[in-house]
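In: Provided below are the primary sequence and the corresponding predicted coordinates.
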Amino acid sequence: MHRNQWTTWAGLRSAGLIVLFFVSLIGAYGMGFFFAGLTMVYKRTSALTGLTFSLMIFLTGAFVGLEKLGWMFTVSRFLFPLTWGISLMRQTVTGDVSLASLWDSGELVSLCLHSVIYLAMGLAVFNWGYRAARRNGTLAHY
């Protein structure tokens with residue numbers, strides 16, 4: 001492979017990874033807003049937050065591919081916003097798929113929709129928590 005062809009190919013793959021990373025990150029921000037909203041109302045949510053984010057370390061597929069787990073991967077993919085994105089990033093890195101083929105198959109569209117739903121849900125809970133904490137006068141109190 002000629003040097004210019006390699007650079008173009010690697011650049012396209014990197015661009016795909018960056019897109020997948022940021023789309024996945026949108027869902028993670030949504031989850032963060034969700035827990036921030038709960039924390040403003042209930043104050044002592046560190047155990048639930050810690051448990052959830054500890055589970056995310058193992059159930060996102062960041063360390064080990066989860067595709068071989070069958071139905072457990074499907075549940076994890078919809079439960080945690082990063083699982084699906086990491087799976088697609090892994091497929092992109094190994095060269096199995098490109099960003100265009102992910103778009104054509106609907107995987108990228110589904111990941112975008114999934115992330116936007118998580119962000120909308122997180123912002124809704126955050127706004128609810130903020131209004132409830134202001135109404136109760138507990139915004140600055142632990």
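Out: Structure's in. What do you need? Quick caveat, the model's predicted, so the values are computed rather than measured.

In: The spatially closest residue to residue 37 that is not a sequence neighbour is in what secondary structure piece?
Out: Of all residues not flanking residue 37 in the chain, residue 129 sits nearest, at 3.2 Å (CB to CB, 6 or more residues apart in numbering). The way it works is simple: take the backbone N, C-alpha and C, and place the C-beta from them, glycine included. Secondary structure from DSSP states H and E places residue 129 in helix 107-136.

In: Tell me where the model's unsure across this protein.
Out: For the chain, residues meeting the criterion pLDDT under 70 lie at 1-13, 64-67, 141-142.

In: any idea where the helices of it begin and end?
Out: Secondary structure of the chain (DSSP state H): helices at 3-42, 46-59, 71-79, 81-93, 99-105, 107-136.

In: Going by neighbour count, list what's buried in the first one.
Out: Of the residues in helix 3-42, those buried under the neighbour-count criterion (16 or more other CB atoms under 10 Å) are 16, 19-20, 23-24, 26-41.
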